[in-house]
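Q: my questions are about this predicted structure, shown below with the sequence.
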Amino acid sequence: MKKIILLFGFLSTVLIFSSFSSAPKQPKTVVIDFGHGGDDQGAQINDISENEILLALQEEIRKESRTMTTQIVFLRKKDKFMSLEKRVKKINDINPNLLLSLHLSLSENPNDNGITGFVSTDNPFYEESHKNAIRLTYNLSQKVLNDKGVKDADLYLLKNVKCPAVTLELGYLSNEKDRNYITSKVGQAELAKQICEMVR
Ligand SMILES: [Zn+2]
């Protein structure tokens, strides 16, 4: 009898440990992809480009994430263009708990404004991606930007990575209120703080 109990104890220990090994790796890793770079400046209006705002935001997130236990990995370290294929390969090599791809919107209608989240139904972690996207757009829209909600999108990056993935468009360059906020130091610092808070 004692032997059986011992064997049972041993087996349940093995089971507990094996279930731990399939759990998400610790510490948590989040990849942040800043869109465009180099010759690709993304959306542009007057003399402001999407790329330069994203670079400024990257700097704020870098400062904000210094004390976090969650590992934040920036996909591109320098202001260099990186193809979508290369981005996907790098993300899948890292195998993070979440991919966050950051962009800005541009519209012909200057009244269009707010934050939009995008997810792909082809992503293997669609449900988790969607939950994260709702949480992110909601929390990031608490200060100035409106919450435009979450949409399904056929985006190459989102459907080819093998991890939960969200693209966020953090306001419209073509809308005055959004533009004033996302080009300001205060706005960028607030967004960086919220993003770090959300992925911690
Ligand atoms: Zn973009």
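A: Perfect, thanks for sending it.

Q: how about Thr116, secondary structure?
A: Under DSSP: H, G, I helix; E, B strand; the rest coil, Thr116 falls in the strand class.

Q: of all the residues in the protein, which ones are close to the ion?
A: 35, 42, 103 (CB under 5 Å from the ion). C-beta: built from backbone N, CA, C; applies to glycine.

Q: which ones among those residues are found in strands?
A: Members of the residues of the chain next to the ion lying in strands (criterion: DSSP state E): His103.

Q: where does confidence bottom out across the residues of the chain next to the ion?
A: Confidence by pLDDT is poorest for Gly35 among these, given 91.

Q: now tabulate the residues of the chain next to the ion in TSV and tack on neighbour count.
A: What follows is the residues of the chain next to the ion, written out as TSV (neighbours: other CB atoms under 10 Å):
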residue	neighbour count
Gly35	22
Gly42	18
His103	22
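
Q: dead centre of this structure: give me the residue that sits there.
A: Residue closest to the average C-alpha location in the chain (CA atoms, centre = their mean): Leu100, at 1.4 Å.

Q: any chance you could map the strands in this protein?
A: 29-34, 44-45, 48-49, 71-74, 98-105, 115-119, 147-152, 165-172.

Q: point out the most buried one among those strands.
A: Mean neighbour count, computed with mean count of other CB atoms under 10 Å, is highest for strand 165-172 among those, reaching a mean of 26.

Q: which residues of this protein score low on pLDDT?
A: Where the chain drops to pLDDT under 70, the residues are 1-26.

Q: report the beta-bridge partners for the residue in the chain positioned nearest to the ion.
A: Using CB to the ion, the closest approach of the chain to the ion is made by His103 at 3.4 Å. Applying DSSP bridges to His103 gives these bridge partners: Glu169.

Q: ok, now which ones touch it?
A: Neighbouring residues of His103 by CB atoms under 8 Å, 6 or more residues apart in numbering: 35-36, 42, 50, 54, 167-170.

Q: give me that answer again for 7 Å
A: Going by CB atoms under 7 Å, 6 or more residues apart in numbering, His103 touches 35, 42, 50, 167, 169.
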